[in-house]
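Asker: give me a model of this one.
(2 chains)
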Amino acid sequence: MRVALVEPRETDAADLGGRVGRAEALAAVRGECDWLDCPAPGALADRVGVVAPDGTVRVRTALAVAARSRGLAAPQDDEVRRLRARLDDLDAERVDTAPLRERVAETGADVDRLRERVARLQGRVRALREGDGDPSDAETELSRALADLTERETTGVAARQALDHARDRRRDHRDAREERRRLDDRLANLERAARRHLVERVAPEFRAAVTSLDGTDAHDDAFDAPPVTTALALYRVGDPDAPVVLDCERFADARAAADWLGTPVLRL
Amino acid sequence: MLLVVAYSRAARTSLRNVHRSHEESVVRRFGRVALFEFTELGAFLALRLRAKHPGDVGVERVEPFNEFETVPEAVREAASAYEDREQASLPYTAFADANGYPDPESMVGEEL
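Answerer: As a prediction, the model looks like this:
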């Protein structure tokens, strides 16, 4: 990396001597300050962050990321990629059938109403013909009602078909959601298994790194070590792309830290 | 559709097997309950389950629900208005009383 805080120089161990705070150092590592030129942070730096006593990190998850940063893979990776691709293809549209249900109900009610009207008018026309009244007005009304009825019946059939069709599509959508839920579960299981595999691969190195920092028997379980020890061990096991930012007193200077970590260091 | 419910462990296993071997006739399955297609094959499968596990398989005929055809407007509106209420802790009875929606006692005896 190239540091130009006082005078520009190429180094893998920079003591910043309190000239910049934690936030600025992190911004600089991300490439947001002109005094630092270095590779961009990768997944490991995103997960572990600054090495500091107040750090919080989920050790096993981070250790799996550290293993990956070194190029290690898990036997589940191919299957995980395949499932992800299938999940991406599973995008059935959501279907709202409520407006169609409403239309079916409305046209159904119209048809019932018109049928009654037609029956009433038929009765009236018959009565007028049998009596001595003039049925012509009632006949006109009847034929208009019959035309209305036919039209509403046609509309009703179309509405019913549209609703049936939408219900089929909604069923497809629910099938897709069920499939998605199954794939999600399977994917989560595979990812857990992959993480376990990666953690097992590098756990001995991680324990050794914790021991080398805090001595033997310092912790019952290396995975319960304090934040600074944990973060340093993770960075040592992994291969961070960007310089590691140290905000702690663990090493006498940046040189010692960079040598132990095997990676460029910015010490605040 | 046919709603098929398994009331014993053995019936549930059979229901699961039917689902596996006749996916096209099973619309959906939730554990020990399944919806079969309203077809001769759907009925055949339901009846076979009933014959195999006498007394342990319930079969109901169900159809899609259209609230606009069967439910009074006041009841429909009460449901959506209550789910839209501003005060989450307000019980329905008080809500219905304040806004003129039907109360549970009047709805309970009204068949659709």
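
Asker: every contact and neighbour count from this point should use C-alpha atoms.
Answerer: OK.

Asker: now the helices for the stretch 101-250 of chain A?
Answerer: In the stretch 101-250 of chain A, the helices defined using DSSP state H, counting those that start in this stretch lie at A:136-214, A:227-237.

Asker: tell me the mean pLDDT over the longest one?
Answerer: By that I understand helix A:136-214. Across helix A:136-214, the average pLDDT comes to 94.

Asker: spatially nearest residue to the closest residue to chain A within chain B, not counting backbone neighbours?
Answerer: Closest approach between chain B and chain A, counting by CA to the nearest CA: residue B:69, at 4.8 Å. Spatial nearest neighbour of residue B:69, excluding adjacent residues (CA to CA, 6 or more residues apart in numbering or on different chains): residue A:105 at 4.8 Å.

Asker: which residues sit in contact with the one you found?
Answerer: Counting by CA atoms under 8 Å, 6 or more residues apart in numbering or on different chains, residue A:105 touches B:66, B:68, B:69.

Asker: just say helix, strand or coil for the residue of chain B closest to chain A.
Answerer: Put simply, residue B:69 is helix when judged by DSSP: H, G, I helix; E, B strand; the rest coil.

Asker: domain parsing for the chain?
Answerer: All of this is about chain A. A:2-75+A:192-267, A:98-188 (automatic domain parsing).

Asker: correction: the question concerned chain B.
Answerer: B:2-61, B:68-106.

Asker: now the shortest one: how far from the chain's centre is it?
Answerer: From the chain centre to the centre of domain B:68-106 is a distance of 21 Å (CA atoms, centre = their mean, to the nearest Å).

Asker: residues of that domain that come out buried?
Answerer: Residues of domain B:68-106 classed as buried under the neighbour-count rule (16 or more other CA atoms under 10 Å in any protein chain shown) are B:68, B:69, B:78, B:82, B:92, B:95, B:96, B:101, B:102, B:103.

Asker: quick one: pLDDT of the residue located most distally from the centre of chain B?
Answerer: The C-alpha centroid of chain B is most remote from residue B:98, which lies 30.8 Å away (CA atoms, centre = their mean). Reading off the confidence values, residue B:98 has pLDDT 93.

Asker: out of the helices of the stretch 101-250 of chain A, deepest packed?
Answerer: With neighbours defined as mean count of other CA atoms under 10 Å in any protein chain shown, those peak in mean count at helix A:227-237, which reaches a mean of 25.

Asker: what angle do that one and helix A:136-214 make?
Answerer: Interaxial angle, helix A:227-237 versus helix A:136-214 (axes from the mean of the first three to the mean of the last three CA atoms, to 10 degrees): 90 degrees.

Asker: which residues are contacting helix A:227-237?
Answerer: By CA under 8 Å, 6+ apart, helix A:227-237 touches A:44, A:48, A:51-57, A:59, A:62-63, A:66-67, A:202, A:205-206, A:209-210, A:213-214, A:223, A:244, A:248, A:250, A:260-263.

Asker: still on that earlier bit, save the contacts of residue A:105 as JSON lines, and put in pLDDT and distance to residue A:99 too.
Answerer: Output for these, formatted as JSON lines (pLDDT from 0 to 100; distance: CA to CA, whole Å):
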{"residue": "B:66", "pLDDT": "94", "distance to residue A:99": "11"}
{"residue": "B:68", "pLDDT": "95", "distance to residue A:99": "10"}
{"residue": "B:69", "pLDDT": "93", "distance to residue A:99": "12"}
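
Asker: next up, the contacts around the residue nearest to residue A:107 when sequence neighbours are not counted.
Answerer: Among residues not flanking residue A:107 along the chain, residue A:156 sits closest, at 5.3 Å (CA to CA, 6+ apart). The neighbourhood of residue A:156, defined by CA under 8 Å, 6+ apart, consists of A:104, A:107, A:108, A:111.

Asker: for the second one, give its distance to chain B.
Answerer: Yep, that's residue A:107 we're talking about. 10 Å (CA to the nearest CA, to the nearest Å).

Asker: for residue B:4, helix, strand, or coil?
Answerer: Following three-state DSSP, residue B:4 is assigned to strand.

Asker: if I pick residue A:191, what's in contact with it?
Answerer: Residue A:191 makes contacts with A:76, A:80, as judged by CA under 8 Å, 6+ apart.

Asker: out of the contacts of residue A:156, who's the most crowded?
Answerer: Highest neighbour count within the contacts of residue A:156: residue A:104, with 24 neighbours (other CA atoms under 10 Å in any protein chain shown).

Asker: residues contacting that residue?
Answerer: Neighbours of residue A:104 in contact, by CA under 8 Å, 6+ apart: A:156, A:159, A:160, A:163, B:69.

Asker: residue A:18 against residue A:248, yeah?
Answerer: No. Counting by CA atoms under 8 Å, residue A:248 is not a contact partner of residue A:18; they are 11.7 Å apart.

Asker: if you count surrounding residues, which of those two has more?
Answerer: The neighbour comparison of residue A:18 against residue A:248 (other CA under 10 Å) goes to residue A:248, with 15 against 10.
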